[in-house]
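Trainee: Could you work out the structure for the sequence below:
(chains A and B)
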Amino acid sequence: MFRYTLRRLPSAVVVLFVASVVIFFILRLAPGDPAAALAGPDASTATVQAIRHQLGLDQPLITQYLIWLRGILSGDLGNSYILHAPIAQLISESLMNTTELAIGALVFAIVGGGLIGYFQGIAKRRASQATLSALTSFGIAIPTYVTGVLLILLFAVGWRVLPAGGIGPGIRDFSLGWQYLLMPAIALSLPTGATIARFLSASMRQTLDQDFVQTGIAKGIRPSRLMIGHVVPNSLPPVLTVLGIQIGQLFGGAIIVETIFAWPGIGQLLLQAVTGRDYLLTQDLLLIAVLVFIVVQLITDIVDAAMDPRIRLERA
Amino acid sequence: MTATPTTTALALAPARRARAGHSGLMRGFTTPSAIVGIVLIVIIFGAGLLAPLISPYSPTAQGPDAFLPPSGTHWLGTDEYGRDLLSRVIYGARQDLIVGVIAVPIGAVVGTLLGTIGVATKWLDVIIQRFFDVTLAFTGLVMGVTVAAIIGPGLAAVLITVSFVNVPLFGRLARNTVRSLRSRDYVTAARIVGAPPLRVLFRHVLPNALDSLIVQAALSFSLAVFIEGAMSFVGIGVRPPDPSLGSLLRTSITFLSRSPLYAVAPMVVVTALVLAFNLVGDGLNKGLLKR
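Mentor: You can find the predicted model right below:
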């Protein structure tokens, strides 16, 4: 197991390194001079020069890149020049909010998607099977921005039971905060939940065809015990793999959902950074997005390998 | 071009397989789900294609009356600047047509070429695989934000994003399919008679890998519609005053209680479009890949 992890690690590190290089150097290709933008239209050349020096933009690109890397490793990310606050603080605050949103969404996705997938997997009648399958296809297809706006239309405008946006008191006072979390979390959970349902039901159908299920039935095991104890666990590996992919992509979904519900998370911060041309903030946030994807991918691969010796022992 | 050495290989199998693939395509297109999908796509993209002819007004022409309810003159009513909503929705669908028709083929061709070349040359394969890994790490909208940060928001950013997102999808698929087909007898036959490796790959293997690439193309169109909508929704895609289904939906949030139809119209169209391509993808998958 440990060996597999060790073998899998270098490629993840290489991808992360290449991504950091791409993010850093390609952002420098963008037109416009952040120092001039920050100084304002009436500033003298000397002022612009001073700002450029202060931001370290007068150093060679390689040096700037190394300074950036050192900053990341030491946790000192400098100041955002559009929001006038330490980047580390901005990121940690919004990352907390996004994590709250993501956990809420994952709970809905796993519970809801798991239940629907389970019932779709054991459904015997053609009609109920077709209905559930249509439901999951729809859940996968409907874009997050449509679900989000639809939820607001239904539960904040039509039937005024939930707040249309904002984070409220958040997790500090969850008795109130959950009302703010409910709609964004559901909107974000839908594609993930539907994907879980589809993979779980497909995988359960394959498992149900296997001989050990017949053996179980023949030995007179209770149906509930057969399903929970034997069929579901044996159907989980493909579901976990796809769940890993989905979690890795949650960042993109968070950008959309946070925009709809004015949720002060990392996606909102990224959009602010990009539209305000804040290089430093943008490159840090993009690196986080890529890092999340790579780490989740790595964990998924390791979990897969832990469950399936064929993957673990394959000579790559 | 020396045709003689490869005729033996050609005669061995691909012709029959090509016919089978063709009927598979027809079988895929005629499954019930695919037919529903195709009808939806023809209606929506047809409207987008013919937008200058069929849309009742210019999508950007402002009128004196804001938020008119639906009527005979404005079927879906008007928006906050008195612009005809139906015309804006039709032109919004046109953006998706543009993105799908331009960006998906670019991504598909580049990805397929890279994936296939990688199979032939070992050292290139390593580089190409890493390139795919890195592009995949920039998932959909994260790629969109990155591109918008470099070249600025706009339709061009959407086109580049959708192309880039599709490269590794087609690349990995092409690579895996080509690798699995390489051990087929007709490929061995072509190699034995001395056809150069790249020629074997592109003339004999790749055409037989087309089935799975076609299914991916349907799904990629759905992804293209999703990404265009998402980028325009969060403000880094199609710029105002040009309409896009995503930006229409975004603006509509401000006016939800006043004019729900403003939100519902783009919602229905964008969902129908994404769903339609998924349905076609499912249908093709059944017809082409499953036996």
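Trainee: Pull the contacting residues for whichever residue of chain A sits closest to chain B.
Mentor: Going by Cβ to the nearest Cβ, chain B is nearest to residue A:252 of chain A, at 3.6 Å. C-beta here means a position set from N, CA and C on the backbone, and glycine is covered the same way. By Cβ atoms under 8 Å, 6 or more residues apart in numbering or on different chains, the contact list for residue A:252 reads B:139, B:140, B:141, B:142, B:230.
Trainee: one more time with 7 Å, if that's ok
Mentor: When contacts are counted by Cβ atoms under 7 Å, 6 or more residues apart in numbering or on different chains, residue A:252 touches B:139, B:140, B:141, B:142.
Trainee: For residue 257, which three-state class applies?
Mentor: You didn't say which chain, so I picked chain A. helix (DSSP: H, G, I helix; E, B strand; the rest coil).
Trainee: I was after chain B.
Mentor: Secondary structure, three-state DSSP: residue B:257 is coil.
Trainee: follow-up on the earlier one: columns neighbour count on top of the contacts of residue A:252, output as JSON lines?
Mentor: Below are the contacts of residue A:252 laid out as JSON lines (neighbours: other Cβ atoms under 10 Å in any protein chain shown):
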{"residue": "B:139", "neighbour count": "21"}
{"residue": "B:140", "neighbour count": "21"}
{"residue": "B:141", "neighbour count": "29"}
{"residue": "B:142", "neighbour count": "25"}
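Trainee: Just the ones of the residues you listed in strands?
Mentor: Judged by DSSP state E, strands contain none of these.
Trainee: Just give me the closest of those residues to chain A.
Mentor: residue B:141 (3.6 Å).
Trainee: For that closest one, which non-adjacent residue is spatially closest?
Mentor: residue A:252 (3.6 Å; Cβ to Cβ, 6 or more residues apart in numbering or on different chains).
Trainee: how about the helix or strand where residue B:209 lies: buried residues?
Mentor: Here residue B:209, judged by DSSP states H and E, is contained in helix B:206-234. Neighbour-count burial for helix B:206-234, counted by 16 or more other Cβ atoms under 10 Å in any protein chain shown, picks out B:206, B:208-234.
Trainee: and if you look at stretch A:101-118?
Mentor: A:101-102, A:104-106, A:108-110, A:112-114, A:116-118.
Trainee: Stretch A:14-31 too?
Mentor: Quick answer for stretch A:14-31 (16+ other Cβ under 10 Å): A:15, A:16, A:18, A:19, A:20, A:22, A:23, A:24, A:27, A:30.
Trainee: which stretches of the chain aren't confidently modelled?
Mentor: Defaulting to chain A. Within chain A, the segments meeting pLDDT under 70 span A:1, A:31-32, A:37, A:170-175, A:311, A:314-316.
Trainee: right idea, wrong chain: chain B
Mentor: In chain B (pLDDT under 70), the answer is B:1-23, B:290-291.
Trainee: which residue is nearest the middle of it?
Mentor: By Cα atoms, centre = their mean, chain B has its centre lying nearest to residue B:221, at 2.2 Å.
Trainee: Look up how far residue A:239 lies from the residue at minimal distance from the centre of chain A.
Mentor: Centroid-nearest residue in chain A, with Cα atoms, centre = their mean: residue A:250, separated by 2.3 Å. Separation of residue A:250 from residue A:239 (Cβ to Cβ, to the nearest Å): 16 Å.
Trainee: Quick check: chain neighbours aside, which residue is closest to residue B:117?
Mentor: Excluding the flanking residues, the one nearest residue B:117 by Cβ to Cβ, 6+ apart is residue B:124, at 6.2 Å.
Trainee: Residue numbers of the stretch 151-300 of chain A in contact with chain B?
Mentor: The stretch 151-300 of chain A has residues A:152-153, A:157, A:248-249, A:251-252, A:255-256, A:259-260, A:270-271, A:274-275, A:282, A:286, A:289-290, A:293-294 near chain B, with proximity defined as Cβ under 7 Å from any Cβ of the partner chain.
Trainee: Flag every buried residue along stretch A:141-151.
Mentor: A:141, A:142, A:143, A:144, A:145, A:146, A:147, A:148, A:149, A:150, A:151.
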